[in-house]
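Novice: what's the 3D shape of this:
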Amino acid sequence: MRETHFIKQNKDKWAKFERNLGKGDANPDELSNLFIEITDDLSYSRTFYPNRSVRVYLNNIAQKVFYSVYKNRKGRLFKFLDFWKETVPQIIYESRNAFYLALLLFLGAAFIGVFSSYMDADFPRVILGDEYIDMTMENIANGKPMAVYEDPKAREMFFRIAQNNLMVATLCFIVGLFFCVGTIFVIVQNGIMLGAFQYLFIREGIYMQSFFTIWMHGAIEISCIIIAGAAGLTLGSGLVFPKTLSRIQSLQLSARRGLLIMLTILPLIVLAAFIEGFITRYTGASYIIRGIVIFGSFAFIISYYIVYPWMKAQKGFTSFIGEVKLPPAQSTEIKYNQIKNSAQIFSDAFIFYRQLIKPTALLSFLLAAIYTVLLLWQGDNYTFNTIVGIEQFLDNPWMLLEYTLTNVSQLLLTGEFSMTWWLNVLASTIMAYVVFFWVQKDANKQKGGVYNAAFFFKTISATLLCITAAHLCLLATEGWLFLLLLFAIPMILMTLATVFNENINLLSGIGRMLTVVGGNWVVMMGAYLVIGGMCLIFLFMITAPIASFYLGVLVNALPITDLELVRQGFYIFLHSYMFCFLFPLVFVVMGIGFFSFKETKEATDLFEQIPNIGVRKISYGMEKES
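Specialist: Residues are numbered from 1 along each chain as shown. As a prediction, the model looks like this:
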């Protein structure tokens, strides 16, 4: 097309676009369509008229649009303000049922605390502890009932309170992952404590003084507990009510909403700690001044978390909360005959293990129950470290590793042929057999497996011998011998994978394993160490930070007389369950890794594909006739 004809054909469109660009009330849809056409024309002119003025003209128009768009983009400050003005109110309104439930649970629990204290004068001691009650009664007798807030070290008090409240709120949120049960327990527990604590001052006749002192910071602090409870319920609702999504996808969406709700209370928790540390200490201040602080705090909470979201909903929300971009559902079809790096092996291992999650969890529960009963019946004493406060780990992070390894070693690294060692062998043998059998079955499902008496005898005997050998390595718990034998365990497990996947006996499996793994030692050891480290991290996350919370739920829910026996049984069950549930991931990685190592050495899949190279079965979208 000649340049003159090109200009004549499009000049009216370009002129219209320039006119609309200068208007403030231009139709955005029409402007968008014109801009697309302009950029198309610019691309055409760059191709066919690179040195002509029409290209410069169109390029200038496109630059104006680009500048006008980016000139009006909101800066970080505006985005920050929009988060608090638009996003948060919308999330709160859409999660209002969780807020209602958290508030009702807390108020109901507070009533239980008050009523129980009214019926039983010693109930506050059960909930708050004798030490705190004795200190409070002593302060009341000395005429200073609120002396606990008059600590001269205001700064230290502020940091201590802020840290404690942040931990409580975070715990209330995180335990929502346990299908909301954990969050409900934390809400009820704190509500009962508040009711019992407040009734203590009512009974002593100093309610007004306590109210105007405690609620100066309590208005925000207690509100944050309720809001954290709503965030935890929102988080757990994704697991309880997945609707049309999978539980994992539903959890992704609910976790984002719950986390955004949690973010809103972080500055409030710090503010409440500041008030408690630096302002509440003035217990002799006028009721009017303290009343203004209390009323202002409640007014802010009610306005921002109740009234404002309701008003925004009535007007209609102008912003759209972008949901988490859910990844496409991963295919459960694992391609075994491919060369894979460590990341691909891990990915396939988790995909495979997710298919076995329910039977594995049930089997782990049964094995852990047997494990716990037998060890308690034997009567051995086990000492488990517990976390008292996270601050003990802040100065020395290595204590985290020491904490987990100390608890694990007394059950896993026994150092002798004890009942614990035999139970470890039995549980590991069962879990290893289940995992390797299902990996082999999944890998050979297209070819069809041969499952006869000979196969089961070979695999069962090989599993028992290999797992026993692996646990014999763990008997040497000192010095370099332990490290040397620890590195022998992956070779033992790879031999077992070879026996299953090649359907050969154990002696043949050793030679075959050396052939297949030769040249892949680094990949195998790297995969083994990384998955083992991941299992230890998961084990710490489950058994350390909130294990005492689980135990507290158990103690409060059941009529327990022998607390030490229950405590020991609880930790034995928790650790043995996590052994049986987590460490089969090591077996999965070895089972899947075998096929990758085999392909690296023998290229079986490549040779099978060679006859098809160059043969086209599809031509122009239609299948060729044979």
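
Novice: separation between Leu171 and Phe573?
Specialist: 22 Å (CB to CB, to the nearest Å). Heads up, the C-betas are built off the backbone N, CA and C, glycines and all.

Novice: which residues in the stretch 351-500 of the chain form helices?
Specialist: Listed in chain order, the helices of the stretch 351-500 of the chain (DSSP state H, counting those that start in this stretch) span residues 357-378, 391-394, 398-412, 419-443, 453-473, 479-486, 489-502.

Novice: In TSV: these, plus mean pLDDT.
Specialist: Output for the helices of the stretch 351-500 of the chain, formatted as TSV (pLDDT from 0 to 100):
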stretch	mean pLDDT
helix 357-378	90
helix 391-394	49
helix 398-412	72
helix 419-443	90
helix 453-473	88
helix 479-486	63
helix 489-502	89
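
Novice: Tell me which of those sits most buried.
Specialist: With neighbours defined as mean count of other CB atoms under 10 Å, the helices of the stretch 351-500 of the chain peak in mean count at helix 489-502, which reaches a mean of 24.

Novice: And the next helix or strand past that one?
Specialist: Using DSSP states H and E, the helix or strand that follows helix 489-502 towards the C-terminus is helix 506-517.

Novice: Show me what that following helix is packed against.
Specialist: Using 3 or more CB pairs under 8 Å, 6 or more residues apart in numbering; DSSP states H and E, the elements in contact with helix 506-517 are helix 453-473, helix 489-502, helix 584-602.

Novice: If we use 6 Å, what do you get?
Specialist: The contact analysis (3 or more CB pairs under 6 Å, 6 or more residues apart in numbering; DSSP states H and E) places helix 506-517 against helix 489-502, helix 584-602.

Novice: For it, what is the distance to the chain centroid?
Specialist: 40 Å (CA atoms, centre = their mean, to the nearest Å).

Novice: hmm, who's touching it?
Specialist: Contacting residues not belonging to helix 506-517 are listed as 462, 494-495, 498-499, 502, 524, 597-598, 601 [CB atoms under 6 Å, 6 or more residues apart in numbering].

Novice: Would you check which pair of the residues you listed lies furthest apart?
Specialist: Ala462 and Lys601 (21.5 Å; CB to CB).

Novice: on that earlier part again, with distance to Ile140 as added columns, please give the helices of the stretch 351-500 of the chain in CSV.
Specialist: Putting those into CSV (distance: least, CB to CB, whole Å) gives the following:
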stretch, distance to Ile140
helix 357-378, 45
helix 391-394, 31
helix 398-412, 40
helix 419-443, 52
helix 453-473, 60
helix 479-486, 59
helix 489-502, 63
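
Novice: and of those, who's closest to Ile301?
Specialist: For Ile301, the closest of these is helix 391-394, at 29.1 Å, according to CB to CB.

Novice: related to what we said a few turns ago, select, out of the helices and strands packed on helix 506-517, the one closest to Val439.
Specialist: In terms of CB to CB, the element of the helices and strands packed on helix 506-517 nearest to Val439 is helix 584-602, at 3.6 Å.

Novice: then the closest one to CSV, C-alphas only?
Specialist: The C-alpha trace of helix 584-602 is given here as CSV (Å, rounded to 0.1, in the frame of the first residue of the first chain):
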residue,chain,number,x,y,z
PRO,A,584,8.0,-42.3,53.9
LEU,A,585,8.7,-39.2,51.7
VAL,A,586,12.3,-40.5,51.7
PHE,A,587,11.1,-43.8,50.3
VAL,A,588,9.0,-42.1,47.6
VAL,A,589,12.0,-40.0,46.5
MET,A,590,14.2,-43.1,46.3
GLY,A,591,11.5,-45.1,44.5
ILE,A,592,10.9,-42.4,41.8
GLY,A,593,14.6,-41.4,41.6
PHE,A,594,15.4,-45.0,40.6
PHE,A,595,13.7,-44.6,37.3
SER,A,596,15.5,-41.4,36.5
PHE,A,597,18.8,-42.9,37.3
LYS,A,598,18.0,-45.9,35.2
GLU,A,599,17.1,-43.7,32.3
THR,A,600,20.3,-41.8,32.7
LYS,A,601,22.3,-45.0,32.4
GLU,A,602,20.3,-47.0,29.8
